[in-house]
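Asker: Take a look and give me a structure for this.
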Amino acid sequence: MMMLDDPASSEAMFTAIFAYTTLIFSFIGGVWWGFSSADGRRPGWADLTLAVFPSLAAFLTLPLVAQTGPDGAVLLALLVLVSPVIDLRFRRRGLAPTWWMRLRMPLSIGLSTLLGAAVWLVR
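Answerer: Residues are numbered from 1 along each chain as shown. Below you'll find the model as predicted:
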């Protein structure tokens, strides 16, 4: 739909892809919260801060995009792309399952690429 010569459709699809990305990034924070609590011990402040960061960052990109337009979504695409670094931290501590990184890497790259392409196409 974004490749059609219809600005209204392009903007609607960009909004949908951007909204989906903010939801998924917030979900990642919930997964990190679960990982940080997985061993039954009380999570440290660093883990809890990491777990809350995706939701806050996704939320803060909303006014950024509202003010700067689609280009503001590039920040979210980059955050999604680098977020598996935190998953790797949990994996090395034995808190994330072995298969987790095989899932996260392609999904993060795919979602980041999708949002980046949407930014490029809506211009």
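
Asker: Just give me the longest helix of the protein.
Answerer: helix 7-37 (DSSP state H).

Asker: what's the next secondary structure element after it?
Answerer: helix 45-68 (DSSP states H and E).

Asker: what mean pLDDT does the very next helix or strand once past that next one have?
Answerer: Remark: after helix 45-68, the chain's next helix or strand is helix 73-82, criterion DSSP H and E. Helix 73-82 carries an average pLDDT of 98.

Asker: Contacts for helix 73-82, please.
Answerer: Contact with helix 73-82 is made by 14, 18, 21-22, 24-25, 54, 57-58, 61, 64-65, 108-109, 111-113, 115-116, 118-119, as judged by Cβ atoms under 8 Å, 6 or more residues apart in numbering. C-beta: built from backbone N, CA, C; applies to glycine.

Asker: what angle separates that helix from helix 45-68?
Answerer: Orientation check (axes from the mean of the first three to the mean of the last three Cα atoms, to 10 degrees): helix 73-82 against helix 45-68 gives 150 degrees.

Asker: got the angle between helix 73-82 and helix 7-37?
Answerer: Going by the same axes, to 10 degrees, helix 73-82 makes 40 degrees with helix 7-37.

Asker: and the residue nearest in space to the middle of the chain, what is it in contact with?
Answerer: Most central in the chain under Cα atoms, centre = their mean is F25, positioned 3.1 Å from the mean C-alpha point. Counting by Cβ under 8 Å, 6+ apart, F25 touches P54, S55, A57, A58, L76, L79, V80, S83.

Asker: surely the second one meets V31?
Answerer: Put plainly, it is S55. No. At 11.5 Å, S55 and V31 do not qualify as touching, with contact defined as Cβ atoms under 8 Å.
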